[in-house]
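Undergrad: Please find the sequence and the predicted model below.
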Amino acid sequence: MKELYREIYKKIKEFDKIVIARHIGADPDALGSTLGLKEIILNTFPNKKVSCIGVYSSVFKYMGKMDKLNEDEIKDSLLIVCDTPNVIRIDGIDDPRKFKYVIKIDHHPEVDHFEDLKWVDVKSSSVCQMLIELTNETRLKMSKIAAEKLYMGLVSDTNRFLYEYTTPKTFELVAGLVRENKLDIVSLYNNLYQRPLIDIRFQGYVAQNLKVSESGFAYIFIDDKTIEKFGGDTGLSGNVIGSFNNINEILVWVIFTEDKKQGLIKVNARSRGPVINTILENYGGGGHAMASGARLTKKEDVDKLIEDFDKLCKEYK
Ligand SMILES: [Mn+2]
């Protein structure tokens, strides 16, 4: 392990130009890890050029701004991809192999091998946790701004330390981070958990209309018109999916969201038992064992998925 930290540090030290990327549909772990890593690298090596790329997220605007990718610099740059197991989900880069050297830092089950050097730890709560560890174990220097981003990403990916892989190590790393950087966690929670009333109204709509089968499979199909009624943002489903955990009657729950503009149906799926990512992989999606998603292009796949999940829950029971 120590050797791997050193390898990563050596590569960061070696390159003057570094590009950091993460997955599409950025969440706080993706944003916190990449923007936090940028801060850490610049805090350690102020003369390097570090860019964080991907679509700017207005929902998580407190995480920070994104940089533009300079196409001319690609061939001389180190690329670090965080929180992303497959090429198709990297935001802003079609072909990572165009970069001189590629490091992958991730906690998802492995999908593609696009890297020269990888650190994949599926037992880590978040990539933010991995970066706290990396910084502790090398000469990289944490800054308060970086620590805040990493803290928010970790807290978000564990849903406030609720999920699996919240381990003693998670608490040890977080305790050190909070203590050494004097983090004001209440103000960070205001960033993370302040939300518009429309989110709650939408959550209420989902709760009222969720279909629940005998097997413990719950789902809802949100069509285009419903999304319009709640303000037109298809990201709403992702904001509320986490709110249906620990409900007696529900084992696996899925929100299908129609996105007419993109010609897709987005699938947000969660589980508190059965492994669901392997099923979604059959539909071009994937993710974590208990939290995954997909983007369907065929409407008939919705019915197929409903059947698959229902069967999965029956077998699990
Ligand atoms: Mn993550």
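TA: Thanks, I have the structure now. Residues are numbered from 1 along each chain as shown.

Undergrad: all contacts plus neighbour counts: C-alpha atoms, from now on.
TA: OK.

Undergrad: burial of R6, as a residue count?
TA: Counted with other Cα atoms under 10 Å, the neighbours of R6 add up to 15.

Undergrad: so who does it touch?
TA: By Cα atoms under 8 Å, 6 or more residues apart in numbering, R6 lies in contact with T138.

Undergrad: Please state the offset of the helix or strand containing it from the chain centre?
TA: In the assignment (DSSP states H and E), R6 maps to helix 2-14. Centre-to-centre, helix 2-14 and its host chain are 24 Å apart (Cα atoms, centre = their mean, to the nearest Å).

Undergrad: Parallel or antiparallel, list what pairs with the lowest-mean-pLDDT helix or strand in the chain.
TA: Least confident element among the helices and strands of the chain, by mean pLDDT, DSSP states H and E: strand 286-287 (a mean of 86). Strand pairing for strand 286-287, determined by DSSP bridges: strand 291-296 (antiparallel).

Undergrad: does the ion sit close to the least confident helix or strand of the chain?
TA: No. Judged by Cα under 5 Å from the ion, strand 286-287 and the ion are separated, with a smallest distance of 9.3 Å.

Undergrad: now stretch 98-105
TA: No. Using Cα under 5 Å from the ion, stretch 98-105 never reaches the ion; the gap is at least 10.3 Å.

Undergrad: So for that stretch, what gets flagged as buried?
TA: By neighbour count, with 16 or more other Cα atoms under 10 Å as the criterion, the buried positions of stretch 98-105 are 99, 101-105.

Undergrad: With stretch 49-62 instead?
TA: 50-57, 60.

Undergrad: One more: stretch 144-162?
TA: By neighbour count on 16+ other Cα under 10 Å, the buried set for stretch 144-162 is 144-158, 161.

Undergrad: closest to the ion among the residues you listed?
TA: The closest of the buried residues of stretch 144-162 to the ion turns out to be D157 (Cα to the ion; 5.8 Å).

Undergrad: Double-check the closest one against S124; I have them as touching.
TA: No. Between D157 and S124 there is no contact under Cα atoms under 8 Å: 10.3 Å.

Undergrad: just so I have it, where are all the strands in this protein?
TA: Taking DSSP state E, the strands of the chain run over residues 17-21, 49-52, 78-82, 101-106, 117-120, 211-212, 217-222, 252-259, 264-271, 286-287, 291-296.

Undergrad: for the second one, packing partners?
TA: For strand 49-52, the helices and strands in contact under the criterion 3 or more Cα pairs under 8 Å, 6 or more residues apart in numbering; DSSP states H and E are strand 17-21, helix 28-44.

Undergrad: Mind giving me the packing neighbours of the last one?
TA: In other words, helix 28-44. strand 17-21, strand 49-52, strand 78-82, helix 127-137, helix 144-157.

Undergrad: D95 is nearest to which of these?
TA: Closest to D95 of the helices and strands packed on helix 28-44, according to Cα to Cα: strand 78-82, at 11.0 Å.

Undergrad: tell me the angle of the closest one relative to helix 28-44?
TA: Using axes from the mean of the first three to the mean of the last three Cα atoms, to 10 degrees, the direction of strand 78-82 lies 140 degrees away from that of helix 28-44.

Undergrad: Against which helices or strands is strand 78-82 packed?
TA: strand 17-21, helix 28-44, strand 101-106.

Undergrad: same question for it, mean pLDDT?
TA: Strand 78-82 shows an average pLDDT of 98 in the prediction.

Undergrad: Could you do stretch 192-205 as well?
TA: Taken as a whole, stretch 192-205 has an average pLDDT of 94.

Undergrad: Tell me which residues of that stretch come out buried.
TA: Across stretch 192-205, burial judged by 16+ other Cα under 10 Å covers 192, 199, 202-203.

Undergrad: Let's have these in JSON lines, adding distance to the ion.
TA: As requested, the buried residues of stretch 192-205 are arranged in JSON lines below (distance: Cα to the ion, whole Å):
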{"residue": "L192", "distance to the ion": "15"}
{"residue": "D199", "distance to the ion": "22"}
{"residue": "F202", "distance to the ion": "25"}
{"residue": "Q203", "distance to the ion": "23"}
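
Undergrad: follow-up on the earlier one: compare the helices and strands packed on strand 78-82 and give me the one nearest K2.
TA: Of all the helices and strands packed on strand 78-82, it is strand 101-106 that lies closest to K2, at 15.0 Å by Cα to Cα.

Undergrad: Can you get me a residue count around K314?
TA: K314 is flanked by 14 other residues according to other Cα under 10 Å.

Undergrad: isn't it right up against S213?
TA: No. K314 is not in contact with S213 according to Cα under 8 Å; the separation is 9.8 Å.
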